[in-house]
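[1] just need the structure, nothing else, for what follows:
(2 chains)
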2 protein chains.
Amino acid sequence: MRDAFHEELDALSDQMVEMTRLVHSAVARATTALLDADLGLAESVISADDQIDSLQHDLEERAYQLLARQQPVATDLRIIVAGLRMSADLERMGDLARHLALVARMRYPTSAIPADIRASIAQMGQVAGRIVLKAGSVIANKDVQVALELEKDDDEMDALHRQLFRLLLDDHWQHGIESAIDITLIGRYYERFADHAVSVARRVVYLVTGEHNHSPNGAEQAVVG
Amino acid sequence: MRDAFHEELDALSDQMVEMTRLVHSAVARATTALLDADLGLAESVISADDQIDSLQHDLEERAYQLLARQQPVATDLRIIVAGLRMSADLERMGDLARHLALVARMRYPTSAIPADIRASIAQMGQVAGRIVLKAGSVIANKDVQVALELEKDDDEMDALHRQLFRLLLDDHWQHGIESAIDITLIGRYYERFADHAVSVARRVVYLVTGEHNHSPNGAEQAVVG
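    The predicted model follows:
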């Protein structure tokens, strides 16, 4: 049986898993909104971001209460502080999904995504969805194996991001500067989304194994041009 | 006289101020490296980022020790947890300066900045430098007035960022897609740099006044196109 303190820790973890579900829904809908120029869907992502932010604030406040009342040390302390950082990463992933939706809304009724790069963006959206679901699973089950899979998904995202730049720099790019700007930013949002998921997973791995898999700062690659 | 605990809190604060100095130096040098295509300067920013990361790790560890040994509550607890978040913002600002330097290095011996947007980038670099110095001053002196000035600097950065998009979308843009991608990302890095400084300042304001100036999530505006 878990004592009251550890039940509260479990509740924090459950709330982060709930955040991953909302963020998953947001990035999946934002991707569809981009591909299909679906204004209603874009609006729904934009307005739903408040709910993610509010879950994060609530989680932060509960973590403070736990720290102040229970005065945890050692692993329990590290779990709570890691939870604060992980929830900030998840909140940021929600912001990035919202940014994608903002681009979709701005270009409506046109799709921001030219036909010849639809496949790339669809794939980036799929990897983003998969990676946040895995982050949820890593949080829920403290599963180091899934965390390693998630690193591979991030490698795939980086490869897709590089491919996107190749398409942009192709001599046959015919969609002009405005579209190139949109696609550059969209690519950056997906890449950062995946980086934050990696950061979440690495914090769990560190709590479980006591070992840093990689530096969290190494998550991001510069892949311009 | 300050007791040992509050002296340790002061030391955390001093270390964050030291981080703002290093980040200031990084973004100033990265801007010059971009404008002058100065490879040596770009390399120096890239390699100096480790020092910022290591200060942040050290600060994080000291914050843990303080939490575990001193079991602070109320304001003291909030100061330490806010310090963890602020140091993460500062570390990220260092990463963004490094990203700027990576673009400078990638385009060497050419400057990544076409002549007709040099003035804009130089101004963004100046605002970035000013904003991080003010963040340092806010941390050091808990000065709410400077925090408000810093919000204005961030508005200026957003205006410069919008201007940059106008220049990119001007019919006379003659520097091609690759340069447009570079400039889009460079603009984004400066804008995010300023957002993190705002976030740092707002946390201090909240600790001092107990009031959120704005939602930290509102710091970032989408200014595409």
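
[2] close to chain B: what parts of chain A are there?
    A:53, A:64, A:67-68, A:71, A:73-74, A:77-78, A:81, A:84-85, A:88, A:91, A:95, A:99, A:102-103, A:106, A:165, A:168-169, A:173, A:177-178, A:180-182, A:184-185, A:188, A:215, A:217, A:220, A:222, A:224-225 (Cβ under 8 Å from any Cβ of the partner chain). The C-beta positions use only the backbone N, C-alpha and C, and glycine is treated the same way.

[3] which of these count as buried?
    A:53, A:64, A:67, A:71, A:77-78, A:81, A:84-85, A:88, A:91, A:95, A:99, A:102-103, A:165, A:168, A:173, A:177-178, A:180-182, A:184-185, A:188, A:217, A:220, A:222, A:224-225 (16 or more other Cβ atoms under 10 Å in any protein chain shown).

[4] those residues in helices, which ones?
    Of the positions in these, A:53, A:64, A:67, A:77-78, A:81, A:84-85, A:88, A:91, A:95, A:99, A:102-103, A:165, A:168, A:177-178, A:180-182, A:184-185, A:188 sit in helices, assigned by DSSP state H.

[5] what sits against A:I177?
    B:168-169, B:173, B:177, B:180 (Cβ atoms under 8 Å, 6 or more residues apart in numbering or on different chains).

[6] 6 Å - rerun?
    By Cβ atoms under 6 Å, 6 or more residues apart in numbering or on different chains, the contact set of A:I177 is B:168, B:173, B:180.

[7] do the same with A:E178
    B:L169 are the contacts of A:E178 under Cβ under 6 Å, 6+ apart.

[8] ok so, going back, among the contacts of A:I177, which are within reach of chain A?
    Subset of those in contact with chain A: B:168, B:173, B:180, counting by Cβ under 6 Å from any Cβ of the partner chain.

[9] looking at these, which gets the smallest pLDDT?
    Across those, the smallest pLDDT goes to B:W173, namely 92.

[10] what's the closest non-adjacent residue to that residue?
    A:I177 (5.8 Å; Cβ to Cβ, 6 or more residues apart in numbering or on different chains).

[11] A:D158 versus that neighbour, what's the distance?
    25 Å (Cβ to Cβ, to the nearest Å).

[12] go on, A:A115?
    Counting by Cβ to Cβ - A:A115 and A:D158 are separated by 24 Å.

[13] can you check A:A42 too?
    26 Å.

[14] these two: who's more crowded?
    Shown here are A:A42 and A:D158; by other Cβ atoms under 10 Å in any protein chain shown, A:A42 has more neighbours (26 against 18).

[15] which residues touch the more buried one?
    With Cβ under 6 Å, 6+ apart, A:A42 has these contacts: A:33, A:101, A:104-105.

[16] which of those residues are buried?
    A:33, A:101, A:104-105.

[17] what helix or strand is the residue nearest to A:S44 when sequence neighbours are not counted located in?
    Closest residue to A:S44 apart from its sequence neighbours, by Cβ to Cβ, 6+ apart: A:R29 at 6.3 Å. Assigned by DSSP states H and E, A:R29 falls within helix A:4-36.

[18] show me what that helix is packed up against.
    helix A:39-70, helix A:74-107, helix A:118-141 (3 or more Cβ pairs under 6 Å, 6 or more residues apart in numbering or on different chains; DSSP states H and E).

[19] tabulate these (TSV), appending distance to B:M124 and mean pLDDT.
    Shown next, in TSV, are these (distance: least, Cβ to Cβ, whole Å; pLDDT from 0 to 100):
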stretch	distance to B:M124	mean pLDDT
helix A:39-70	27	96
helix A:74-107	20	96
helix A:118-141	28	98
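
[20] please produce TSV containing these, extended by distance to B:Q123.
    Output for these, formatted as TSV (distance: least, Cβ to Cβ, whole Å):
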stretch	distance to B:Q123
helix A:39-70	30
helix A:74-107	24
helix A:118-141	33
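
[21] out of the ones you listed, which is closest to B:Y206?
    B:Y206 lies closest, by Cβ to Cβ, to one member of the helices and strands packed on helix A:4-36: helix A:39-70, at 11.9 Å.

[22] how many neighbours does the nearest residue to A:R62 once chain neighbours are set aside have?
    Once flanking residues are discounted, A:R62 sits nearest to A:L12: 6.3 Å by Cβ to Cβ, 6+ apart. Neighbours of A:L12 under the rule other Cβ under 10 Å: 20.

[23] go on, A:A140?
    Neighbours of A:A140 using other Cβ under 10 Å come to 16.

[24] same question for A:D153.
    Should you count by other Cβ under 10 Å, A:D153 turns out to have 22 residues around it.

[25] no more questions from me, cheers.
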